[in-house]
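[1] next one to model:
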Amino acid sequence: MRLNGDAAYSHYAQDELVLEIRPGNTCNLACQTCWPQASSRVTDYYRKAKKTIDIKGVDSVWDATTILPVLPRVKDIIILGGEPFYDKKTLGFLSWLSQQSHQPNLTIFTNGSVVDVEWLANYAGKITLVFSLDAVGVAAEYVRFGCKWADVWANYQRCLEIDTIEVRVNITTSPYNYAYILPLVEQLLPQWPKVVSWGIASQSSNSLFMCESAIPTEKRTTVIAYLEPVVELLSQANIDHMQKINAINAITSIVSNLNAWPYDADKHKQMLDFIQDMDQVKHVDIQDYCPEVVDYLGVN
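    Here you go, the predicted structure:
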């Protein structure tokens with residue numbers, strides 16, 4: 001652990017700081033795997049569906065100038081949301097920061113739907129932009145409800161063209177997107193980012209049921225058939241060796257769980273109920289977006 005810490009912070013001087021800030025949960029999307037603390041739209045739909053909500057501290061008063069006394073020591077700032085490029089608090093902070101004589105390196109997590117490319121191109125510090133991408137096309141528009149995939153992908157490609165931006169991708173895996181990881185990987189491969197990280201939806205307390213156990217046993221071979229070609233494609237891909245290993249491990253872990261984990265009827269029911277409740281308040285139908293998921297989850 002000490003060696004890992006040394007590696008992570010060896011490039012920091014003794015008095016340098018890294019800040020992680022989340023100005024609020026204001027967001028323009030209501031992703032199926034998200035939670036109220038991270039999205040105001042998810043909060044709204046949870047309320048409409050009469051689900052339990054805990055957003056303590058999300059609306060706390062936050063003044064960007066409070067960091068002014070230590071700003072010269074700040075080497076990196078990590079900005080979470082909500083959606084930073086939609087939240088007025090964050091946009092105000094970014095505007096203020098771009099006017100300071102010291103402009104720290106930024107890591108910004110974004111859903112990619114409303115990226116301020118001009119601001120990014122003119123910021124003096126280094127920027128790492130982490131796009132959250134879980135699927136492509138109409139499936140993406142369901143899983144990350146409220147987005148237009150064409151706009152997200154156009155913003156992603158524009159940011160790839162800016163030399164001062166390091167573009168990364170985070171993929172959150174869940175039963176919602178097991179059928180769509182292959183086309184997403186195919187779309188990323190021609191310009192594979194320096195880092196593609198893999199999250200797991202079921203690690204959040206709001207979505208513990210969004211896991212392999214929720215998939216009926218008789219449908220698991222279908223799901224595995226969607227995932228195994230991803231491993232084959234990655235095995236032959238000309239990408240960084242460690243990136244290849246991490247991606248393959250993420251997919252093979254899902255396949256292993258599908259083979260080993262027992263079916264949990266309660267989690268399956270929770271998944272189906274959640275889909276039904278969210279579709280009702282969002283006025284959509286999963287069958288119009290994700291027929292493959294409808295098939296292997298047995299959505300009525």
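
[2] what are the ranges of the strands in the stretch 151-300 of the chain?
    Ranges of strands in the stretch 151-300 of the chain, per DSSP state E, counting those that start in this stretch, are 165-173, 196-200.

[3] please identify the deepest-packed of those strands.
    Mean neighbour count (mean count of other CB atoms under 10 Å) peaks for strand 165-173 among those, with a mean of 20. Using the backbone N, CA and C atoms, a C-beta is placed for each residue, glycine as well.

[4] packing partners of that one?
    strand 127-132, helix 149-160, helix 181-188, strand 196-200, helix 241-260 (3 or more CB pairs under 8 Å, 6 or more residues apart in numbering; DSSP states H and E).

[5] that one pairs with which strands?
    Strand 165-173 pairs in its sheet with strand 127-132 (parallel), strand 196-200 (parallel), by DSSP bridges.

[6] most tightly surrounded among the helices and strands packed on strand 165-173?
    Mean neighbours per residue, mean count of other CB under 10 Å, is largest over the helices and strands packed on strand 165-173 for strand 127-132, with a mean of 22.

[7] so how far is that strand off the chain centroid?
    Computed by CA atoms, centre = their mean, to the nearest Å, the separation of strand 127-132 from the middle of its chain amounts to 10 Å.

[8] phi first, then psi, for the residue lying closest to Ala139 once chain neighbours are set aside.
    Nearest residue to Ala139 in three dimensions, chain neighbours excluded: Tyr180, at 4.6 Å (CB to CB, 6 or more residues apart in numbering). Here is the backbone geometry of Tyr180 (degrees, to the nearest 10): phi -120, psi 10.

[9] ok, Tyr180 - contacts?
    Listed by CB atoms under 8 Å, 6 or more residues apart in numbering, the contact partners of Tyr180 are Asp134, Ala135, Val136, Ala139, Ala140, Val143, Cys290, Glu292.

[10] inside helices: which ones of those?
    Among these, DSSP state H puts Ala139, Ala140, Val143, Glu292 in helices.

[11] make TSV from the strands of the stretch 151-300 of the chain and add distance to Asn238 to it.
    Below are the strands of the stretch 151-300 of the chain laid out as TSV (distance: least, CB to CB, whole Å):
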stretch	distance to Asn238
strand 165-173	17
strand 196-200	14
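
[12] just send the ones you listed back as JSON lines, with distance to Arg158 and mean pLDDT too.
    JSON lines is the format used below for the strands of the stretch 151-300 of the chain (distance: least, CB to CB, whole Å; pLDDT from 0 to 100):
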{"stretch": "strand 165-173", "distance to Arg158": "10", "mean pLDDT": "98"}
{"stretch": "strand 196-200", "distance to Arg158": "19", "mean pLDDT": "98"}
